[in-house]
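*Asks:* structural data only, the sequence is not supplied:
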């Protein structure tokens, strides 16, 4: 469902108490600010039903119901077929590690797993550990000219022993949306499964795992307006096949509990109900009818979010295109419709750290480095120079904040140019 009303940005910002400070938050791909409704749900759980599930008494039943409500919220957010397909964990890194461990005994020496050289290490390193068990790891390399992953290159890697392909939905450096459904169809036609790291996608676009046909789909809530916890979707029949990570009496049929050793963090999981509630209310404000389905409201909210973020992205990219010293890593426009507002760049004559330290003085939060996508930064020959500067926006950011950032960058770059010119004259 497409929105017909823009974001009420004043209302949106009221839902994020941290935005009352004088800081501008452009490090959202590292961690977004948290919604008040998410915090309210955490407090509600801790103050009203902070007991272990599984008991016969009323409070324990209430705690169990809250955890199920969290799974149902996750089901709605990603459009899963059933709430049991939602697994909670500490982080995306941990959830991928858990998935690898739970899948390991299904693989035999000589089987193959394909990873990319452009993913966050969370979706590379855990799979590479399978090499010690005789599993062959192949690398789907990004095309150096287009900075995209090409199916013709994947085709050369896949064979009758390929069991799984691990790929990102969006690169946290390039900001490029990969065609996950197209990749899924390609992989499934060749008899393998697909694990998608969706961390950099989830805050920006509607998730529909059934439409994507991903087998496993993982993202972090702390980058999607919640606390430090994460969600993994898995197709129910595939989750049944996985080994238990819990006690021996948690059989294979105990989904998803067998994959949440020691139980999930109840209160953080429950915060997901606050995030989903916010998105539904936002959807109504953006044109969804009050009697629309909850899913339609979320889709309306995410459509409005995408439109607003496109304006933010183009505002910054337009500025960058006008500065000859700036090199954008990835698409320089939003024309293809596959650009999210995570923008990495370098500036001639500056180290990424040097720029960030100067911008710190303006109380604007940006970041430098490789962002745990080190293999990609190495492939781009940027590691020796300190990686990239990254500006990552979300829907609570404003055009005025973009202008505040670009004004600050202009001041830094112009001052640097003047200093260099003075030094040249002196010499």
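*Replies:* All right, it came through fine. As the structure is a computational prediction, the values presented were derived from the model and not from experiment. Numbers count the residues shown, from 1 in each chain.
*Asks:* quick one, what contacts the residue most central in space within the chain?
*Replies:* In the chain, the residue lying closest to the centroid (CA atoms, centre = their mean) is residue 199, at 1.5 Å. For residue 199, the contacting residues are 92, 120, 122, 168, 172, 218-220, 223, by CB atoms under 8 Å, 6 or more residues apart in numbering. C-betas here are computed from N, CA, C, even on glycine.
*Asks:* helices - which of those land there?
*Replies:* residue 92 (DSSP state H).
*Asks:* looking at the contacts of residue 199, which one is closest to residue 25?
*Replies:* residue 223 (12.2 Å; CB to CB).
*Asks:* hmm, the closest one is touching residue 27, no?
*Replies:* No: assessed by CB atoms under 8 Å, residue 223 is found out of contact with residue 27, at 10.4 Å.
*Asks:* who has more neighbours out of these two?
*Replies:* residue 223 (22 against 18; other CB atoms under 10 Å).
*Asks:* could you chop this structure up by domain?
*Replies:* 9-34+294-408, 38-276 (automatic domain parsing).
*Asks:* roughly how far does the nearest residue to residue 141 once chain neighbours are set aside sit from residue 173?
*Replies:* Distance criterion CB to CB, 6 or more residues apart in numbering; nearest residue to residue 141, sequence neighbours excluded, is residue 117 at 5.1 Å. Going from residue 117 to residue 173 by CB to CB, to the nearest Å gives 12 Å.
*Asks:* of those two, who's got more company?
*Replies:* Neighbour count, other CB under 10 Å: between residue 117 and residue 173, residue 173 has more, with 28 against 16.
*Asks:* pLDDT wise, what is the more buried one at?
*Replies:* Per-residue pLDDT puts residue 173 at 98.
*Asks:* now residue 4
*Replies:* Listed pLDDT for residue 4 reads 67.
*Asks:* thinking again about what came up before, with distance to residue 415 as extra columns, can I get the domains of the chain in TSV?
*Replies:* Putting those into TSV (distance: least, CB to CB, whole Å) gives the following:
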stretch	distance to residue 415
domain 9-34+294-408	8
domain 38-276	27
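*Asks:* now do the phi/psi pair for residue 267.
*Replies:* phi -70, psi -30 (degrees, to the nearest 10).
*Asks:* could you check how far it is from residue 91?
*Replies:* 16 Å.
*Asks:* what about the two, which has more around it?
*Replies:* The neighbour count for residue 267 versus residue 91, taken as other CB under 10 Å, is higher for residue 267 (22 against 17).
*Asks:* follow-up on the earlier one: in which helix or strand would I find the residue nearest to the centre of the chain?
*Replies:* Assigned by DSSP states H and E, residue 199 belongs to no helix or strand.
*Asks:* burial count for residue 16?
*Replies:* Neighbour tally, residue 16, other CB under 10 Å: 19.
*Asks:* give me phi/psi at it?
*Replies:* phi -120, psi 90.
*Asks:* surely it and residue 35 touch.
*Replies:* Yes: here residue 16 reaches residue 35: they are 6.2 Å apart, a contact under CB under 8 Å.
*Asks:* what residues are shared contacts of these two?
*Replies:* With CB under 8 Å, 6+ apart as the test, residue 16 and residue 35 both reach residue 225.
*Asks:* got the contact list for residue 123?
*Replies:* 92, 96, 115, 166-168, 195, 197, 218.
*Asks:* please flag which of these sit within strands.
*Replies:* Among the contacts of residue 123, the ones falling in strands (DSSP state E) are 115, 166-168, 195, 197, 218.
*Asks:* closest one to residue 238 out of those residues, please.
*Replies:* Checking these one by one against residue 238 (CB to CB), the nearest turns out to be residue 195, at 10.4 Å.
*Asks:* all strands of this protein, in order?
*Replies:* 24-25, 86-89, 112-116, 136-140, 162-168, 193-197, 216-220, 230-234, 326-329, 342-347, 364-365, 367-369, 388-392.
*Asks:* so for residue 147, which of those sits nearest?
*Replies:* Nearest to residue 147 among the strands of the chain is strand 326-329; the distance by CB to CB comes to 7.8 Å.
*Asks:* direction included, what does that closest one pair against?
*Replies:* If you go by DSSP bridges, strand 326-329 pairs up with strand 342-347 (antiparallel).
*Asks:* burial of residue 116, as a residue count?
*Replies:* 23.
*Asks:* my error: substitute residue 50 in the last question.
*Replies:* The burial count for residue 50: 12, using other CB under 10 Å.
*Asks:* so what sits against both of residue 117 and residue 173?
*Replies:* Joint contacts of residue 117 and residue 173 (CB under 8 Å, 6+ apart) are residue 376.
*Asks:* isn't residue 31 right next to residue 225, touching?
*Replies:* No: applying CB under 8 Å as the test, residue 31 and residue 225 come out as separate, 10.2 Å apart.
*Asks:* these two: which has the busier surroundings?
*Replies:* For residue 31 versus residue 225, the count of surrounding residues by other CB under 10 Å is larger for residue 225: 26 against 14.
*Asks:* list the beta-bridge partners for residue 138.
*Replies:* Bridge pairing for residue 138 - DSSP bridges - gives residue 114.
*Asks:* okay then, goodbye and thanks.
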